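Undergrad: what would the 3D arrangement of this be:
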Amino acid sequence: MRNIIELVRGDITVLAVDAIVNAANNTLLGGGGVDGAIHRGAGPELVQECASLGGCRTGDAKITKGYLLPAKYVIHTVGPVWHGGNRGEAELLKSSYHSCFLLAREYDVRSIAFPAISCGVYGYPMREAALIALGQAQEAVAQNAGLERIIFVMFNEEALQVYREMAAQLGIPV
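TA: Numbers count the residues shown, from 1 in each chain. Sure, this is the predicted structure:
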């Protein structure tokens, strides 16, 4: 496998990539955390476009323009809220990543940046989420030769370290 998966600590809204992923809520109209930061960075046109999309189901994804962001597109996905792991959370989180990668392929996205979906206020345990995220990235690389760069952008050093450990466990060179 090509070494295209990167792990960084930083601000996803300043990355010059084809697409950034927004850990959105079901309304797609903005919220806290990375969702709020993306909406603030993109400007008011983003919320106007999102309002026309009719929301988004958990585990699904929708794409918009990036507007004032350096990224051409924003892929909005709704990850699951953690309820202890017995309500299909893992399958929904896999579906969120898979849906993002399907849109990336459809829109010829070559570079994409992800936050730690569902790991903020939705409470998903970081280790379990990182394994799912990185596993889905491995699958996407195998299925989409057009992908040149997948960046996981962490909000703090602890999250970055967890992702590094899980990448090592999966044999992903980062």
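Undergrad: which residues touch the residue most central in space within the chain?
TA: Residue closest to the average C-alpha location in the chain (Cα atoms, centre = their mean): Phe114, at 3.3 Å. By Cβ atoms under 8 Å, 6 or more residues apart in numbering, the contact set of Phe114 is 12, 20-21, 97, 100, 133, 150-153. Where C-beta positions appear, they are placed from N, C-alpha and C, glycine not excepted.
Undergrad: distance of it relative to Pro44?
TA: 25 Å (Cβ to Cβ, to the nearest Å).
Undergrad: pLDDT at Val78, what is it?
TA: Val78 carries a pLDDT score of 98 in this model.
Undergrad: dump the residue contacts of it.
TA: Residues near Val78 by Cβ under 8 Å, 6+ apart: 24-26, 56-61, 96.
Undergrad: cool, Asn26 as well?
TA: Asn26 neighbours (Cβ under 8 Å, 6+ apart): 55-58, 78.
Undergrad: what's the ChimeraX line that selects buried ones from the residues you listed?
TA: Paste this into ChimeraX to select the buried members of the contacts of Asn26, with burial taken from 16 or more other Cβ atoms under 10 Å:
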select :55,56,58,78
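Undergrad: pull the most distant pair out of the contacts of Asn26.
TA: Using Cβ to Cβ, those span at most 10.4 Å, a distance reached by Gly55 and Thr58.
Undergrad: doesn't Val8 fall inside a strand?
TA: Yes. Checked against DSSP: H, G, I helix; E, B strand; the rest coil, Val8 lies within a strand.
Undergrad: ok, and the closest non-adjacent residue to it?
TA: Val153 (5.7 Å; Cβ to Cβ, 6 or more residues apart in numbering).
Undergrad: repeat for Phe101
TA: Closest to Phe101 by Cβ to Cβ, 6+ apart is Ala140, at 4.1 Å.
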